[in-house]
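Chemist: This is a predicted model, with the sequence first.
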Amino acid sequence: MRLTRKLAGCDDGTCPAVWETDDPGMVAVQGSRLTDPAALADLGKIPGHETVVLVPRHLLAEYRADGR
C-alpha cells in the first residue's frame, strides 16, 4: 500500500495526521492509541488486527473540506 500524507498537526511526522492510500475507499489515520479501559469497554470487542486512535477533530474536518 502506498501512503501520501495529506494533513498533519506538525511537519516532523510525530503528531496526528491523515494519509491518502492507493485504495480510493480507504484513508490512514495517525493518532494516539486509545488506551482508557472504560472507553475501550464502551466500544466493545475490537478485532486483533484493528486499533482505535484519537485525532484532533479539526484534522478530519479539514480533510473533508478538501473534497475527499
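Modeler: Arrived safely, thanks for sending. Numbering: from 1, shown residues only.
Chemist: Might you list the low-confidence residue ranges for this structure?
Modeler: In the predicted model, the chain carries pLDDT under 70 at residues 67-68.
Chemist: which stretches of it form strands?
Modeler: Using DSSP state E, the strands of the chain run over residues 3-8, 17-21, 27-30, 32-33, 53-54.
Chemist: Spit out the contact partners of the most far-flung residue of the chain relative to its centre.
Modeler: The centre of the chain is farthest from one residue, Ala38, which by CA atoms, centre = their mean lies 20.6 Å away. Listed by CB atoms under 8 Å, 6 or more residues apart in numbering, Ala38 has no contact partners. Every C-beta, even on glycine, is put in place using the N, C-alpha and C of the backbone.
Chemist: Helices along this protein, start to end?
Modeler: 37-43, 57-65 (DSSP state H).
Chemist: Looking at those, which is nearest to Cys15?
Modeler: helix 57-65 (9.6 Å; CB to CB).
Chemist: Can you name every helix or strand that the closest one contacts?
Modeler: Secondary-structure packing of helix 57-65 (3 or more CB pairs under 8 Å, 6 or more residues apart in numbering; DSSP states H and E): strand 3-8, strand 17-21.
Chemist: residues making contact with the first one?
Modeler: Going back to what we said before, that points to strand 3-8. Taking CB under 8 Å, 6+ apart as the rule, strand 3-8 contacts 13, 15-21, 27-28, 30, 59, 62-63, 66, 68.
Chemist: returning to that earlier point: out of the helices of the chain, which one sits most buried?
Modeler: Highest mean neighbour count of the helices of the chain: helix 57-65, a mean of 13 (counted as mean count of other CB atoms under 10 Å).
Chemist: I'd like to check the angle between it and strand 17-21, please.
Modeler: Going by axes from the mean of the first three to the mean of the last three CA atoms, to 10 degrees, helix 57-65 is angled at 30 degrees with respect to strand 17-21.
Chemist: quick one: contacts of helix 57-65?
Modeler: 6-9, 16-18, 27.
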